[in-house]
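J.: whatever this is, show me its structure:
(one chain, ligands or ions: 1)
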Amino acid sequence: MSENIVGTKQAAEMLGVSVSTIYRMVDQGILLPTKTPGGQRRFPVSQLEEYKEKSRTIIAPQNPYQMKLDIDSGKIVENTSDDSPQINSGDDEDSKETLEVVADDKPVDPRNSLNDLNGSQWLPETKSFFYQKGLGSKHPHAQIERQHPAPFSFQDISRLVIFFTKKGMKVLDPFGGVGSTAKACELEGRVCTSIELQKKWHDLAIERLETEVGEGISKKHTFILGDTREELKKFEACSFDFIVTSPPYWSILNKKADYKVKKERLANNLATNYSDNDENDLANIKTYEEFLRVLVNDVFLECGRLLRPKKYMCLVVSDFRNKSEFISFHSDLIQALNHRTTVDGYKITLQGVKVLLQNHKTLLPYGYPFAYVENIHHQYILIFRKDKK
Ligand SMILES: C[S@@+](CC[C@H](N)C(=O)[O-])C[C@H]1O[C@@H](n2cnc3c(N)ncnc32)[C@H](O)[C@@H]1O
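T.: Coordinates of the predicted model:
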């Protein structure tokens, strides 16, 4: 630590707030830390002192974190817990591996057939956004995940698994990759079926559970190597309690490597796409229109058949650019899937869209100083349900 610069924990101590409050202040642009080459935040002491000084004269703005509805008693009460966003900036010293569901001994409503949460645990999970949480690229348990070009964070998926299932329930990921959903399921006591086309990712998913969770653990779950379009047909209707997945975002990984891909993946000898020429890889479908048609008709509607009635399917997707065109994949997917009928006669209906904020990502000067080219630093979680017609 240099004399005039401090880390996140010391900054929190100086201001008398929690570390997560410091993260929130960074998000809101109130504090402007620098980053060390290893990615750790550093705060100039002068900036913290200046903030402290100013904050003495500022009347606190209306703060949604100060009060909350205690849903179990129906009263508005002071919020003593810090349910502010937990951000993992990738390489931060404060990263933790486990998801913390607020320990709370209030009973679960006996009518709740969806999950094991009581009212005060349920309510924060209905927020339309959350901050992505990850282990950080240097964490020993991030080394398998890192080999895949587009994994999602098992901690984010744990959160969905906890909300959309009860312990012991069955979860399906039709694009399983390196097993992030399976890891989340194992950690949260659910049972996963994970389907993946490429042997490389399929094998790594199994290895991941064995090395990161425990020997023999992968056997508690089902890992299927194959084309999801064929494999899904083999299951009976209504076999799963929850489906969560992230599909290929068409062919975005097949485009020419940009600065970021060169620096973060090619330089470290990491794969930049799922497969080279595998024609069954949905990322290799020639046109976007055909890709969307196959994804919805052959995969997601079939997933709908496999879901139990009144159960949910979460699709984690992002918008992207194809050459200079901005493709709003999330909205195209909603248009193509919402209100469609499954072969077993149910309707798939959109229940909400959660934004998964990736505020830790590095800003790149695309387009500068000529045009607005977005740094896409969020994903969408599209939440669908299987309902009666
Ligand atoms: C976005 S990645 C999923 C990553 C995963 N969520 C994880 O955390 O590891 C999409 C995956 O779909 C796989 N895939 C592409 N076409 C497929 C197909 N027809 N059947 C099964 N998997 C396929 C790719 O190989 C890739 O691993």
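
J.: got the contact list for the closest residue to the ligand within the stretch 1-150 of the chain?
T.: Among the residues of the stretch 1-150 of the chain, Ala150 lies closest to the ligand, at 4.1 Å counting by CB to the nearest ligand atom. Backbone N, C-alpha and C define where each C-beta goes, glycine included. By CB atoms under 8 Å, 6 or more residues apart in numbering, Ala150 lies in contact with Gly177, Ser246, Pro248, Tyr249, Leu253, Tyr274.

J.: so what's the residue count around the third one?
T.: It refers to Pro248. 23 (other CB atoms under 10 Å).

J.: wait, Glu188 touches Arg159, no?
T.: No: at 9.4 Å, Glu188 does not count as touching Arg159 under the criterion of CB atoms under 8 Å.

J.: which SS class is Pro309?
T.: Three-state call for Pro309 (DSSP: H, G, I helix; E, B strand; the rest coil): strand.

J.: can you check Lys167 too?
T.: Under three-state DSSP, Lys167 comes out as coil.

J.: shouldn't it be in contact with Asp116?
T.: Yes: Lys167 is in contact with Asp116 according to CB under 8 Å; the separation is 6.0 Å.

J.: who has more neighbours, those two?
T.: Comparing Lys167 with Asp116 by other CB under 10 Å, the one with more neighbours is Asp116, at 17 against 11.

J.: looking at this, the residue of the stretch 1-150 of the chain closest to the ligand is in a strand?
T.: No: per three-state DSSP, Ala150 lies outside any strand segment and is coil.

J.: for the stretch 101-250 of the chain, which spans come out with low pLDDT?
T.: Within the stretch 101-250 of the chain, the stretches with pLDDT under 70 are 101-103.

J.: relative to the ligand, which residue of it is the closest?
T.: Gly177 (2.3 Å).

J.: tell me how many other residues crowd Glu325.
T.: 8.

J.: whoops, I mixed them up, Phe320
T.: 17.

J.: ok, now which ones touch the closest residue to Ala271 other than its chain neighbours?
T.: Excluding the flanking residues, the one nearest Ala271 by CB to CB, 6 or more residues apart in numbering is Pro149, at 5.4 Å. By CB under 8 Å, 6+ apart, Pro149 lies in contact with Leu253, Arg265, Leu270, Ala271, Thr272, Asn273, Tyr274.
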